[in-house]
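Engineer: Could you work out the structure for the sequence below:
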Amino acid sequence: HQGGADLNTYKMFVETGHSLLRRGGQMGMIVPSGLYTDQGSSELRRTLLAECDWRWLYSFENRRKVFDIDSRFKFCVVIATKGGQTSAIRSAFMRHDLEDWATAEGVLDYPVERVRAFSPKSLSLLEIRTERDLEVLSRIYANSVLLGDDGPDGWGIKYGTEFHMTNDSKLFIPRDKAEADGFRPDIYGRWKNDSGEVLLPLYEGRMIGQFDFSQKGWVSGKGRSAVWREIPWDDKKIEPQYLVHQKDAYERIPEHSFKTVVMNIGSSTNKRSMFSSVIPNWPANHSLAVLKPSDYRNSLDLTASLNSFVYDWMLRARLGGLNLSYFVLGETALPIARFTCALAAALSGAGQETSPIRTYSGNRRPAIAVHERVRIRCMVDAVIAASYGLARGDYLWILKDTDHSAERLADMSFCRKLDPKGFWRVDKTEEPVLRHTVLSVAAFDDLQKCIALAGGDRDAGIEAFCSQNDGDGWMLPETLCIADLGMTRTVDIGVYD
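Structural biologist: This is a model prediction of the structure:
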């Protein structure tokens, strides 16, 4: 039952322990968190759930250096009785103090039917820490379709990578060499010489941001010592480190106008975990995964969903390591309805290279000013949250702790008490009324009013929300009182009920 993938000794110990037990015998082990997250442990999880009473799963993050290894490493206490079946696992995640285990601090009964609902193929366990997390996740999955679903409601998404930095290195032309050979970029980002040869930029992971096809440009150096610069919104252009002959690129990638890429490394305790962008259909290296819907024009709606707070929150519960492989992404949930194409096009269409994307923005101009990008991103987040069928209390739960003052969030002792996977790091140096997180709650409230005025018709309400103010949609409020939003400060009096 050790499955495929990497050869990990802990899998051998768990299977051997299970084999040695008589029926009714118990085993307890301390093993890496891969037992409940990794693809290669799927068969072991199936065995523990179907042939055992899996009683305990108590997971620690090594932040307090329980073991003298990487502080980001996670390990867990597993206790199971051989025989019977599992109905619920007493579980806890992201604990840091060994004393918590002695008192069973932070324990949640994780029903096995929720394991199967959230991870029907892999049986991975999400890092769910409270009953409220479980409720919100259940609502999200009840109103969505799995990213890897090929059924009639699915997006028909194919996952792949295009060029590997080592295996395909012979195809990569350093930019300084191309410049020495007379190649120069045109206004659309393609590099040409006087002979008419065409080179295309090679995308690397650090070059993109959320809704940003050109967040960083290469300046000098190689590898980890390379220097990259931030590219401002009013001067977006592609500044690659390497280029690829157009003929070599199009032997491997279809000639569409654009595509969705995601950075395939992410941490559940960073400011954000998912970074996705729609980029011109140029070659991408292996640090970017390409997600191709059956209709590539759905790439804009897909990118909007992936970059939303709701999707990121759900992904963080699933992300036990740092690798956003298809194994991790395939069982995340996407909304069935798609309303955000024009908004995503306005966010993604800055720069001549993205002119094909702008054709899907309707009458919306590319969003370049910071406040305009925040406004449209808040609209996207509100629409996605409504598409997942979330109520106001659900959305507030996802964004809890994001309205604390900048002074409090500068205090590390205070921040250690906050959810390590929370979004409180987003715009934390800004005053709360200027933060993307807080303003998206105001946008969600306005959307709920539009839906109510439409007689509860969600689709009609979203259309009204996006078309108000002469087609510009929801506007940033001129004044905003944090207390009126009823966010973190009123948690204890039951606002989330």
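Engineer: what about residue 229, is that helix, strand or coil?
Structural biologist: Secondary structure, DSSP: H, G, I helix; E, B strand; the rest coil: residue 229 is strand.
Engineer: That one - how many residues pack around it?
Structural biologist: Residue 229 has 11 neighbouring residues, counting by other C-beta atoms under 10 Å. In this view, the C-beta of every residue, glycine as well, is placed from N, C-alpha and C.
Engineer: Name the secondary structure element that contains residue 278.
Structural biologist: Secondary structure assignment for residue 278, by DSSP states H and E: strand 276-280.
Engineer: Over to residue 99?
Structural biologist: Applying DSSP H and E as the criterion places residue 99 in helix 98-103.
Engineer: What is the subsequent helix or strand relative to that helix?
Structural biologist: Per DSSP H and E, the first helix or strand lying C-terminal to helix 98-103 is strand 108-111.
Engineer: and that following strand, what's its mean pLDDT?
Structural biologist: The pLDDT scores in strand 108-111 average 94.
Engineer: List the buried residues of it.
Structural biologist: By 16 or more other C-beta atoms under 10 Å, the buried positions in strand 108-111 come out as 108, 110.
Engineer: what does it rub up against?
Structural biologist: The contact list for strand 108-111, computed with C-beta atoms under 8 Å, 6 or more residues apart in numbering, reads 57, 87-92, 125, 128-131, 134.
Engineer: any chance of these in JSON lines, plus pLDDT, secondary structure and distance to residue 208?
Structural biologist: Shown next, in JSON lines, are these (pLDDT from 0 to 100; DSSP: H, G, I helix; E, B strand; the rest coil; distance: C-beta to C-beta, whole Å):
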{"residue": "57", "pLDDT": "95", "secondary structure": "strand", "distance to residue 208": "35"}
{"residue": "87", "pLDDT": "94", "secondary structure": "coil", "distance to residue 208": "44"}
{"residue": "88", "pLDDT": "95", "secondary structure": "strand", "distance to residue 208": "41"}
{"residue": "89", "pLDDT": "96", "secondary structure": "strand", "distance to residue 208": "38"}
{"residue": "90", "pLDDT": "95", "secondary structure": "strand", "distance to residue 208": "41"}
{"residue": "91", "pLDDT": "94", "secondary structure": "strand", "distance to residue 208": "35"}
{"residue": "92", "pLDDT": "93", "secondary structure": "strand", "distance to residue 208": "35"}
{"residue": "125", "pLDDT": "94", "secondary structure": "coil", "distance to residue 208": "30"}
{"residue": "128", "pLDDT": "92", "secondary structure": "coil", "distance to residue 208": "30"}
{"residue": "129", "pLDDT": "90", "secondary structure": "coil", "distance to residue 208": "31"}
{"residue": "130", "pLDDT": "91", "secondary structure": "coil", "distance to residue 208": "33"}
{"residue": "131", "pLDDT": "93", "secondary structure": "helix", "distance to residue 208": "37"}
{"residue": "134", "pLDDT": "94", "secondary structure": "helix", "distance to residue 208": "33"}
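Engineer: In PyMOL, how would I pick out whichever of these are buried, leaving the exposed ones unselected?
Structural biologist: Those of those that count as buried under 16+ other C-beta under 10 Å are selected in PyMOL with:
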select buried, resi 57+88+89+91+92+125+128+129+134
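Engineer: from the contacts of strand 108-111, which single one is nearest residue 411?
Structural biologist: Of all the contacts of strand 108-111, residue 411 sits closest to residue 129, with 23.0 Å by C-beta to C-beta.
Engineer: Please list all residues in contact with that closest one.
Structural biologist: Applying C-beta under 8 Å, 6+ apart, we find residue 129 in contact with 92-94, 106, 108.
Engineer: let's see 10 Å
Structural biologist: 59, 91-95, 106-108, 317, 419, 421 (C-beta atoms under 10 Å, 6 or more residues apart in numbering).
Engineer: Now for these, which sits with the most neighbours around it?
Structural biologist: Busiest of these [other C-beta under 10 Å] is residue 93, holding 25 neighbours.
Engineer: did I read that right, that one in a strand?
Structural biologist: Yes - counting by three-state DSSP, residue 93 is found in a strand.
Engineer: Look up how far residue 315 lies from the residue lying closest to residue 141 once chain neighbours are set aside.
Structural biologist: Counting by C-beta to C-beta, 6 or more residues apart in numbering, residue 141 lies nearest to residue 333, which is 5.2 Å off, once chain neighbours are set aside. Counting by C-beta to C-beta, to the nearest Å, the gap from residue 333 to residue 315 is 10 Å.
Engineer: count of neighbours near the nearest residue to residue 384 once chain neighbours are set aside?
Structural biologist: Excluding its sequence neighbours, the residue lying closest to residue 384 (C-beta to C-beta, 6+ apart) is residue 308, at 4.0 Å. By the criterion of other C-beta under 10 Å, residue 308 has 27 neighbours.
Engineer: gap between residue 308 and residue 443?
Structural biologist: In this view, residue 308 and residue 443 are 12 Å apart by C-beta to C-beta.
Engineer: Common neighbours of these two, please.
Structural biologist: Shared contacts of residue 308 and residue 443 (C-beta under 10 Å, 6+ apart): 377, 380-383, 385.
Engineer: Let's have those residues in CSV, adding secondary structure, distance to residue 12 and neighbour count.
Structural biologist: Shown next, in CSV, are the shared contacts of residue 308 and residue 443 (DSSP: H, G, I helix; E, B strand; the rest coil; distance: C-beta to C-beta, whole Å; neighbours: other C-beta atoms under 10 Å):
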residue, secondary structure, distance to residue 12, neighbour count
377, helix, 47, 24
380, helix, 46, 27
381, helix, 45, 29
382, helix, 49, 28
383, helix, 48, 29
385, helix, 44, 28
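Engineer: Looking at those residues, which is nearest residue 402?
Structural biologist: Nearest member of the shared contacts of residue 308 and residue 443 to residue 402, counting by C-beta to C-beta, is residue 381, at 12.0 Å.
Engineer: sec struct for the residue nearest to the spatial centre of the chain, please.
Structural biologist: In the chain, the C-alpha nearest the mean C-alpha coordinate belongs to residue 274, at 3.0 Å (C-alpha atoms, centre = their mean). Assigned by three-state DSSP, the conformation of residue 274 is coil.
Engineer: my guess is it meets residue 304, correct?
Structural biologist: No - Residue 274 is beyond contact range of residue 304, at 11.7 Å (criterion: C-beta atoms under 10 Å).
Engineer: what's near enough to touch the closest residue in space to residue 419 that isn't next to it in sequence?
Structural biologist: In this structure, residue 419 finds its nearest non-sequential neighbour in residue 401, 6.4 Å apart by C-beta to C-beta, 6+ apart. Applying C-beta under 10 Å, 6+ apart to residue 401 gives the contacts 408-409, 415, 417-419, 422-425, 437, 487-488, 491.
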